[in-house]
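Asker: 3D, please:
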Amino acid sequence: MDRYYWGVDLGGTKIECAVIERNSDICVVRERIATESDQGYSHILNQIKLLIDRCVEQLGQRPQAIGFGTPGTLDPHYGVMKNCNSTALNGKPLDKDLMSLLGVKVVLANDANCFALAEAHFGAAKRVKPDAEVVFGIIMGTGVGSGVVVNGKGLYGRHGIAGEWGHNVIEPNGAACYCGQSGCLETVISGKGLERFYTEQSGRVLPLPEIVALAANNDLHAQATMARMSHYFGIAVAQIINVLDPDVIVIGGGVGNIDALYQQAEQAILPHLFNGELNTLIVKPDLGDSAGVFGAAALVKSVVVN
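Answerer: Modelled structure (predicted):
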């Protein structure tokens with residue numbers, strides 16, 4: 001087994017690599033490079049190779065396997081990328097092309113799955129519940145995404161869409177979602193969804209942090225926006241707990257910074273829970289912007305390469 005595990009966070013503007021020592025979980029190399037995705041798919045691949053070569057030069061050792069956090073999902077049936085906001089990747093066999101280019105085993109997962117893995121292996125979930133069996137990681141920001149970790153491994157599913165919590169319809173006949181449905185959870189409790197609701201109520205266009213501040217100062221429209229957030233969050237999280245019963249839920253993203261979400265969580269969840277009490281730990285993340293690359297490294301934490 002390799003002494004290190006390697007992770008790469010493939011973003012729209014930057015590509016970051018972290019090399020972590022297996023026995024200590026200490027990051028020994030960390031480098032980044034511009035993605036330059038506007039120059040096309042082949043250029044992105046070349047940028048990844050350039051980054052890996054730089055890290056190899058620093059470490060003096062080549063990897064046997066690399067985990068990649070991607071801005072979309074590898075379709076397990078067709079073997080190509082889908083749902084990528086870096087559109088040059090869509091329809092491409094990214095894992096096969098990377099294996100051919102780099103000469104190593106490659107494991108891919110989307111950014112929300114990497115977030116969940118990072119917080120389970122290195123972050124908040126490991127800190128509050130080291131023996132957690134199930135960890136559910138949520139990213140509530142511009143959109144809403146999530147990932148599921150069971151016994152330290154990501155859960156991806158038959159279609160590669162496990163954890164797409166944000167695209168469950170929670171408000172029938174609600175706002176249109178880019179996915180083609182209406183009333184998806186993402187349209188309701190994402191930052192954009194909350195800002196839109198506040199504008200509809202007040203006629204004012206404000207960023208979410210200002211709406212949160214106004215709610216604390218008794219602005220009725222802002223308070224209604226926060227109440228809507230907590231209400232639908234409670235329903236949606238109760239559904240997850242009823243199905244997966246996670247030990248820990250970790251909430252990242254800009255909306256995840258709102259204290260009211262945690263203060264009102266039990267009150268919002270319990271009426272919809274198939275249990276008389278709530279014992280699931282609901283916490284903020286520990287890793288911040290590092291979650292993507294650390295989660296990518298966690299993808300290969302248990303990979304054995306012959």
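Asker: quick one, helices of this structure?
Answerer: With helices called from DSSP state H, the chain shows them at 41-59, 94-102, 111-121, 124-128, 185-189, 191-202, 208-216, 220-244, 259-263, 265-269, 291-298.
Asker: So for H159, which of those helices sits nearest?
Answerer: Nearest of these to H159, taken as C-beta to C-beta: helix 111-121 at 13.6 Å. Just so you know, the C-beta spots here come from the backbone N, C-alpha and C atoms, and that holds for glycine as well.
Asker: tell me the residue furthest from the middle of the protein?
Answerer: For the chain, the largest distance from the centre (C-alpha atoms, centre = their mean) belongs to N218, which lies 32.7 Å off.
Asker: For I211, see how far away that residue is.
Answerer: 13 Å (C-beta to C-beta, to the nearest Å).
Asker: Spatially central residue for the chain, please.
Answerer: Closest to where the C-alpha atoms of the chain average out (C-alpha atoms, centre = their mean) is A112, at 1.8 Å.
Asker: Is the residue nearest to that residue when sequence neighbours are not counted bridged to anything, and to what?
Answerer: Nearest residue to A112, sequence neighbours excluded (C-beta to C-beta, 6 or more residues apart in numbering): G145, at 3.6 Å. On the basis of DSSP bridges, G145 is bridged to I139.
Asker: which residues does G145 contact?
Answerer: By C-beta atoms under 8 Å, 6 or more residues apart in numbering, G145 lies in contact with 110-112, 138-139, 163-166.
Asker: closest to Q267 among those?
Answerer: The closest of these, once distances to Q267 are taken by C-beta to C-beta, is I138, at 18.4 Å.
Asker: List the contacts of P93.
Answerer: 79-81.
Asker: Check the residue farthest from the centre of the chain and give its pLDDT.
Answerer: Note on N218: pLDDT of 95.
Asker: now it: how far from A224?
Answerer: With C-beta to C-beta as the criterion, N218 and A224 are 12 Å apart.
Asker: picking up where we left off before, list only those of the contacts of P93 flagged as buried.
Answerer: M81 (16 or more other C-beta atoms under 10 Å).
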